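A.B. asks: coords please:
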Amino acid sequence: MQGLGVFAKNRWVPLFLTSIIFGGLHYFNPEVGQLGDIIMIHYIGTGFMLGIMTLMDEGLELALGFHAANNLVAALLVTADWTAFQTESIFKDVSAPIAGFWDVAIPVFIIYPLFLFIMAKKYGWSNWKNKLFGKVEKPETLKLSEES
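C.D. replies: The predicted structure is shown next:
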């Protein structure tokens, strides 16, 4: 995100691009083949949430922790024969794979914003407009090395 931000001179372009890339990296997961392209709303939406967390907290730690925890839950608590994680989990979903619009929309458009709201209160995030849409200036170290 930092490199893209310096190149684009703003914050929203890297947020948008990295979210699409995050979703795209999940496109060949077996879940997409089973549930259809609609699950990409979930993957790209998760990318947006993780990107917002990164920009608001000014670091990757929370986003990486969330992603790691999400994958651990998927690997250790519940699996199915058609998922990317094939582990000896506690539960196994044997129902037919199905995902409708609301199955992916509710987490992305309701649960994720609520989670971000809770995180904002916990960590005192403020100045959302500037942190998500503000300008990015080249760091001083890059400016100095170019002048040399």
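A.B. asks: how about the strands in this structure?
C.D. replies: 78-79, 91-92 (DSSP state E).
A.B. asks: Direction included, what does the first one pair against?
C.D. replies: So that's strand 78-79. Sheet pairing of strand 78-79 (DSSP bridges) gives strand 91-92 (parallel).
A.B. asks: Show me what the strand it pairs with is in contact with.
C.D. replies: Leu77, Val78, Thr79, Ala80 (CB atoms under 8 Å, 6 or more residues apart in numbering). Heads up, the C-betas are built off the backbone N, CA and C, glycines and all.
A.B. asks: wait, which of the strands of the chain is closest to Phe117?
C.D. replies: Closest approach to Phe117 among the strands of the chain (CB to CB): strand 78-79, 26.3 Å.
A.B. asks: Run through who's touching that closest one.
C.D. replies: Strand 78-79 has contacts (CB under 8 Å, 6+ apart) with Phe85, Gln86, Thr87, Ser89, Ile90, Phe91, Lys92, Asp93.
A.B. asks: Just the buried ones from the residues you listed?
C.D. replies: Neighbour-count burial (16 or more other CB atoms under 10 Å) applied to the contacts of strand 78-79 gives Phe85, Ser89.
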